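>>> got a predicted structure here, sequence first:
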Amino acid sequence: MTQRYGQIVGWGKYAPPRVMTNADCAKILDTSDEWIVSRTGIRERHIAGDGETTKTMSLAAARQALDHAGIKPEEVDLIIVATSSPDYLLPPVSSQIQYALGCRCGAFEIKAGCTGFVYGLSVAQQFIGTGAYNTVLVIGAEIISRFLDWTDRNTAVLFGDGAGAVVLRAVDGPTGVLSFVLGSDGAGAEHLMMPGGGSASPASQRVLDERLNFIRMNGREVFRFASRVLGRAAQEAVARSGLAPDDIALFVPHQANLRILQLACRELGLPEEKMFINVDRYGNTSAASIPIALCEALEAGRCKDGDNIVLVGFGAGLTWAAAVVHLGAPQAPEAVSNWPIRLQVPAAAAASVNRVKNAAWQARRQVSSTLAAALLPLYTRTVKKVRRK
Ligand code: COA
């Protein structure tokens, strides 16, 4: 059976109109534009206004993505929403979004911190790959500002609100998610958490008094963790795809901190222009950050049909994930209609030729991916040895 892939056929994003600059932060916190820019690269972030929720922002991004793809709500087979800040603990915001969009399909939430969108994309690819579904909507949306302690300068200046969405449609042949890496290390849970409000510590006067219903973070530990996993996850995903690092047109990472991204560029040996960065204008929008960055990269022409890109995230859990994504129509084999006239073959024969070429392409990828996975540890050890010298 030909392997099925989910081609990204539509994308959309939403950011609340209200913009909060570093100077605005300095009016309510003991901080400064200079401190925030030099430590994080963030200059401003979008903050949701009255009436805006994770649901409303998701709807705006999803409608844009569906319009862009030319797909009607009733054609959607599944909705996956990555968020850590749903409107309610119950019901899941995914069902509210399904109803409001007018879709007749299953819907669920994924919670994997800022890594959620890449997790969601890899799950969508499984449903498409098995043949269960043809059209999957994946959303990353967060309203983190409602869970920030606006008296805590360690966290309040870092985050922002927003939503991004993509539509995946089944095609035969390699495109969309070519490979992925998912990681989790619960040992680091305490470094980024909201201690109150869940079943371990339900809402109570104590939770409110001790401000346990807000995000707490050990910034240095999270920084160390992110710097460790970002480059490694990206390298592993590229190795698993069977592509060479030079085949990657653009890296679209989770936008948490400019310094983390610059360190990753150094580790990967990338020029900064190969990494898409918009953290200066959004701050950290958690699970929304990668789809928003992907939309902006596409809109700005930083990546286009035919390109291979890497999406890579890290966050609460602690979790991390990376995926190699091919944009546009399947990258192999070439369209038969491009052949010279004398080579034109009947449709059935052309389809067979396509299947053989497809299988050959996939076999080649399988071999090179196995080889790359075997050689990666050796490569990493050698690079470390050379660096130590
Ligand atoms: N303005 C001014 N000073 C601030 C501040 C702010 N907004 N936030 C913290 N500080 C102060 C602290 O109070 C502390 O002061 P002290 O030394 O007097 O106690 C000092 O700055 C902290 O310095 P340091 O820990 O060296 O800062 P840093 O260079 O590590 O930067 C972070 C702090 C939070 C920006 C950085 O650790 C970080 O980005 N970590 C990763 C966070 C992240 O990405 N989280 C989300 C992951 S999904």
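Nice, thanks for sending it over.
>>> interface residues of this structure facing the ligand?
31, 35-36, 39-40, 114, 153-154, 157, 217, 219-220, 222-223, 226, 256-257, 284, 315 (CB under 6 Å from any ligand atom). No exception for glycine: its C-beta is placed from N, CA and C like everyone else's.
>>> let's see it at 5 Å
31, 35, 39-40, 114, 153-154, 157, 219-220, 222-223, 256-257, 315 (CB under 5 Å from any ligand atom).
>>> shaky segments in the protein?
1, 332-366, 368-369, 372-373, 379-380, 383-384, 386-389 (pLDDT under 70).
>>> domain ranges for it, per the record?
1-335, 339-389 (automatic domain parsing).
>>> the stretch 201-350 of the chain: strands as residue ranges?
216-217, 248-253, 308-315, 319-326 (DSSP state E, counting those that start in this stretch).
>>> sorry, back to before: most tightly surrounded among the domains of the chain?
Greatest average neighbour count among the domains of the chain goes to domain 1-335 (a mean of 20), per mean count of other CB atoms under 10 Å.
>>> what's in contact with the host helix or strand of residue 95?
Following DSSP states H and E, one finds residue 95 within helix 93-101. Residues from elsewhere that reach helix 93-101, judged by CB atoms under 8 Å, 6 or more residues apart in numbering: 54-55, 58-59, 62-63, 66, 73, 76, 79-81, 83, 86-87, 105-109, 139, 141.
>>> and the angle for the helix or strand just after it with helix 93-101?
From helix 93-101 onward toward the C-terminus, using DSSP H and E, the following helix or strand is strand 106-110. Strand 106-110 and helix 93-101 meet at an angle of 140 degrees, taking axes from the mean of the first three to the mean of the last three CA atoms, to 10 degrees as the criterion.
>>> what packs against strand 106-110?
Strand 106-110 sits against strand 78-82, helix 93-101, helix 116-129, with contacts defined as 3 or more CB pairs under 8 Å, 6 or more residues apart in numbering; DSSP states H and E.
>>> how far off centre is the last one?
I take that to be helix 116-129. 10 Å (CA atoms, centre = their mean, to the nearest Å).
>>> where exactly do the helices run in this structure?
Along the chain, the stretches classed as helices by DSSP state H are 22-28, 33-40, 54-69, 93-101, 116-129, 153-156, 205-209, 219-241, 258-268, 279-282, 289-299, 347-388.
>>> ignoring the adjacent residues along the chain, who's closest to the residue of the chain found nearest the ligand?
Of all residues in the chain, residue 219 sits closest to the ligand, at 2.8 Å by CB to the nearest ligand atom. Leaving aside its sequence neighbours, residue 219 sits nearest to residue 154 (CB to CB, 6 or more residues apart in numbering; 6.0 Å).
>>> quick one: that neighbour from residue 39, how far?
Look at residue 154 and residue 39: by CB to CB, to the nearest Å, they are 11 Å apart.
>>> again with residue 238
According to CB to CB, residue 238 and residue 39 sit 30 Å apart.
>>> go on, residue 210?
27 Å.
>>> again with residue 62
In terms of CB to CB, residue 62 sits 34 Å off from residue 39.
>>> same question, residue 305
37 Å.
>>> before we move on, what about residue 232?
23 Å.
>>> same thing with residue 230?
Taking CB to CB, one finds residue 230 at 17 Å from residue 39.
>>> same check, this time on residue 113
Distance from residue 113 to residue 39, by CB to CB: 21 Å.
>>> now residue 245
29 Å.
>>> check residue 103 too.
42 Å.
>>> contacting residues around the nearest residue to residue 116 once chain neighbours are set aside?
Among residues not flanking residue 116 along the chain, residue 82 sits closest, at 2.9 Å (CB to CB, 6+ apart). By CB under 8 Å, 6+ apart, the contact list for residue 82 reads 109-112, 116-117, 119-120, 138-141, 287.
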